[in-house]
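*Asks:* Sequence isn't available, so here's the structure alone:
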């Protein structure tokens, strides 16, 4: 008997019929002789609708109460799913995040998991029941408050449960057939990947690929959890995200020839700030980024220009989430005289394209091929960043989709048939 953890996103449980379809899949897994634990998201756009409602009654909702509100969405879907499974003749028990032992820190809205003690979940399994756990939520022992894990929190819940319960696999069900070489909503002939390393998936998720969230991939990689990303709308095999024993080998240590490129990711959620006229002397960059760090922002790409010989001044540009930009601008403005820069520039009309592939380590000419493809498509590059298996560029937001399609074709990633997106609104 295997222990399988399954996660179903909001588009998979968007209405009563969808919930009944998911219940049948879960029961089929149980009838095949497996123990089953399910992490479930709120129905459809429920979380977004609750957020909209909160902002209608309070422009800046109190974080503790906002978490109390948002966790209602998952409680609704977990109870309905348990009812649907019971109606099919199988015992099912639903648990909130706190009941399932998801212990977090006290950070409302973006809590981190510090411990997982799924005692009640294990008891339910031992008694032959299917355990349904509300994703996205946890509990802080110190304050006694309910917390939420932030966007993609249900993925993280599923992976954390899989690790704590020593599950054989964690299945992430979504509205596409797996991990694709690009977002099939943008590149209609994107190809599904049968397998991808956790290292590549981490880079894709960090670069804007939305099929898996970075925190879930990080948790899976750290705890050795194998993921199977697949569609809840059919029984097709999806994409296995695995931890290789070493580069160039699969999860069993067997040598494999890795493809040069795993995929192309894109991101429209970042902004660029340029600190203009910074004295080009030691310590100024440290001063600037200490201020940024204190504002709580996460920096992505950084570029510093060569200083002008006549003035001894330089410009420093960096990208960060759009939601963090105003706080950073305010913090830097307060410290302007201390740092000694001239002005600040804010640009929220940028897009980031990232080319990811473990095969980059051993193949030359990838950068040249990328930049040639962008040049031939008439795409201007504003910033460049690289890692061992990734190249990222920043361009204009309104040119990003064209850039993704051009690069995808240039690297021979286009498939023969159009990819199918079964649901989801993209909110």
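*Replies:* That came through, no problem. Just so it is clear, the model here is predicted, and its values are computed rather than measured. Numbering: from 1, shown residues only.
*Asks:* immediately after the lengthiest helix in the chain, which helix or strand?
*Replies:* The residue-count maximum for a helix in the chain (DSSP state H) belongs to helix 63-87. Next in sequence after helix 63-87, counting helices and strands by DSSP states H and E, comes strand 92-95.
*Asks:* Can you list the helices and strands that that following strand packs against?
*Replies:* Helices and strands touching strand 92-95, by 3 or more C-beta pairs under 8 Å, 6 or more residues apart in numbering; DSSP states H and E, are helix 63-87, helix 119-126, strand 130-134. The C-beta positions use only the backbone N, C-alpha and C, and glycine is treated the same way.
*Asks:* give me that answer again for 10 Å
*Replies:* helix 16-31, strand 35-40, helix 63-87, helix 119-126, strand 130-134 (3 or more C-beta pairs under 10 Å, 6 or more residues apart in numbering; DSSP states H and E).
*Asks:* can you redo the ones you listed as CSV with distance to residue 351 and mean pLDDT?
*Replies:* As requested, the helices and strands packed on strand 92-95 are exported to CSV (distance: least, C-beta to C-beta, whole Å; pLDDT from 0 to 100):
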stretch, distance to residue 351, mean pLDDT
helix 16-31, 32, 97
strand 35-40, 31, 98
helix 63-87, 28, 97
helix 119-126, 41, 98
strand 130-134, 34, 98
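*Asks:* Show the end-to-end separation of stretch 278-291, please.
*Replies:* This stretch, stretch 278-291, spans 14 Å end to end (C-alpha to C-alpha, to the nearest Å).
*Asks:* how about it: buried residues?
*Replies:* Within stretch 278-291, the residues that count as buried by 16 or more other C-beta atoms under 10 Å are 278, 280, 284-285, 288, 291.
*Asks:* Who are the contact partners of the residue nearest to residue 212 when sequence neighbours are not counted?
*Replies:* Excluding its sequence neighbours, the residue lying closest to residue 212 (C-beta to C-beta, 6 or more residues apart in numbering) is residue 205, at 5.3 Å. Counting by C-beta atoms under 10 Å, 6 or more residues apart in numbering, residue 205 makes contact with 152, 155, 179, 198, 211-218, 241, 265, 356.
*Asks:* Then residue 35?
*Replies:* Contact partners of residue 35, counting by C-beta under 10 Å, 6+ apart, are 1-5, 29, 122, 124-126, 128-131, 165, 167-168.
*Asks:* cutoff 8 Å now
*Replies:* 1-4, 125 (C-beta atoms under 8 Å, 6 or more residues apart in numbering).
*Asks:* Also residue 108?
*Replies:* Residues in contact with residue 108 (C-beta under 8 Å, 6+ apart) are 63-64, 66-67, 145, 147-148.
*Asks:* pretty sure it is in a strand, no?
*Replies:* No. According to DSSP: H, G, I helix; E, B strand; the rest coil, residue 108 belongs to no strand; its state is coil.
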